[in-house]
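Student: how would this look folded up:
(one chain, ligands or ions: 1)
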Amino acid sequence: MSTVKLFHTDAYRTAFTAQVLSCEPAGDKWDVILDQTCFYATAGGQPNDLGILGGLQVLDVREDEAAGAIVHTVNAPLAGEVQGEIDWQRRLDHSEQHTGQHLLSGVFERFMDGETVSWHLGADSCTVDIGIDALTIQQAEQIELECNRVIRAGLPVVTHLVDKEGVKAFPMRKPPAVEGDIRVVEILGYDWSGCGGTHVRSTGELGLLKIKSWEKNKKFIRVEFLVGQRAMRDYMRLDLVTRELARSLSIHVLDLPGYVDRSKEETSGLRKQLKMAQERLLEIEAAELVAEARKIGGTRIVRQIVGARPVDEVKLLAAKVAAHPGTVAIFGTKGAMPQIVLYRSVDLRLDMGGVIRQVLPLIDGKGGGSPIQAQGAGSRPEALEHALDVALQKIGEALVG
Ligand SMILES: [Zn+2]
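Tutor: Below you'll find the predicted structure:
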């Protein structure tokens, strides 16, 4: 019950008539085998075709290699004579990607002695794994230029059906692994490869091939590429984006990299200036707080609940307060997770770490610190005022005691 693969003799044929040889239930779907088909089954890295068979959507196409049959999955039974039509845009895209892969693999072989280990036809881009250790930008450009030279040369892509002996007439990129008849796909006079997939008729139909990126793996370099309509669409998209960017900045497209470099430098300078200005503001704020601070003995104590300020900023403010001799800062931050921050100036003999450990339980908090600075966060905002009062009281006792 084998199927004649019409796509092997004509990869551009989209419609056909066939006899149903078998139709078997498969779960809630049906597996249909025909005497001939244009539907390509997933094989050799190329995904299956989709389309319409006997008025039904074809959901999957796979090959029963032992039987030499192509199995079409549909969601209702079929019998007798049926009409089929493949989704041509999908097929053409796959043929372009597959032919592009032959070309790219052939050029890597010629220029870098790089063997193709495997390849993947993805929904957005394709990858080939090339058995080389490294790939420089210059080498990648050279490979890309050669691919596009062969595309512009419009070399015919032809197939030969030969046996094990016959294949010896061709300088194959890789010895074929299959038994029996061997299908040799040739980019005329340029590349020879055993393949059962679908291809375009001429390299010229590919239009454009672009290497997008590459990354080193353990045993190979994985090269991502776009070819055919995918490459053209990518070019249009990138061109649109860069032109829009340049227009909005009122500069030339080619001046974009320089503009970005200058902007990054400027931003980093501004960040530094902003940080210095913020520190200066905190110093002024700290000085005002110290001037208004209550005194216990000769020590000035700043006890303050600040709003929803970032805790790093609150710590910095506390440190600026404690930079004044004879000063203690007791800060709390509002919010669902209240924070307590304690700092003292270095000339005092107080243990901030000890104080925080006594008050944090009041806000169900955790934290700790050194004799000079301590902080912690809790989960009871309603107890924050009381916790700060207790901290103040403990510090007061330590100062007078
Ligand atoms: Zn192929």
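
Student: go through stretch 139-148 and flag the buried ones.
Tutor: 139-140, 143-144, 146-148 (16 or more other C-beta atoms under 10 Å). To be clear about C-beta, it is placed using only N, CA and C from the backbone, and glycine gets the same treatment.

Student: what's the closest of those residues to the ion?
Tutor: Using C-beta to the ion, residue 147 is the member of the buried residues of stretch 139-148 that lies nearest the ion, at 15.5 Å.

Student: of the buried residues of stretch 139-148, which belong to helices?
Tutor: 139-140, 143-144, 146-148 (DSSP state H).

Student: show me the beta-bridge partners of residue 186.
Tutor: Here residue 186 sits in beta bridges with residue 158, residue 192, going by DSSP bridges.

Student: contacting residues for it?
Tutor: 157-160, 170, 192-193 (C-beta atoms under 8 Å, 6 or more residues apart in numbering).

Student: looking at those, which one is closest to the ion?
Tutor: Of the contacts of residue 186, the one sitting nearest to the ion (C-beta to the ion) turns out to be residue 193, at 6.4 Å.

Student: list the buried residues in the longest strand along the chain.
Tutor: Taking DSSP state E as the criterion, the chain has its longest strand at strand 15-26. Neighbour counts over strand 15-26 (16+ other C-beta under 10 Å) mark 16, 18, 20, 23 as buried.

Student: and for stretch 345-358?
Tutor: Buried residues in stretch 345-358 (16+ other C-beta under 10 Å): 345, 348, 350-353, 355-356.

Student: how about the residues of the protein by the ion?
Tutor: 98, 195, 197 (C-beta under 5 Å from the ion).

Student: what sits closest to the second one if chain neighbours are left out?
Tutor: Excluding its sequence neighbours, the residue lying closest to residue 195 (C-beta to C-beta, 6 or more residues apart in numbering) is residue 185, at 4.4 Å.

Student: swap in the first one?
Tutor: Leaving out its chain neighbours, the residue that sits closest to residue 98 by C-beta to C-beta, 6+ apart is residue 197, at 4.7 Å.

Student: dump the ones in helices among the buried residues of stretch 139-148 into TSV; add distance to residue 399 and pLDDT as well.
Tutor: Below are these laid out as TSV (distance: C-beta to C-beta, whole Å; pLDDT from 0 to 100):
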residue	distance to residue 399	pLDDT
139	73	98
140	71	98
143	77	98
144	76	98
146	82	98
147	80	98
148	81	98
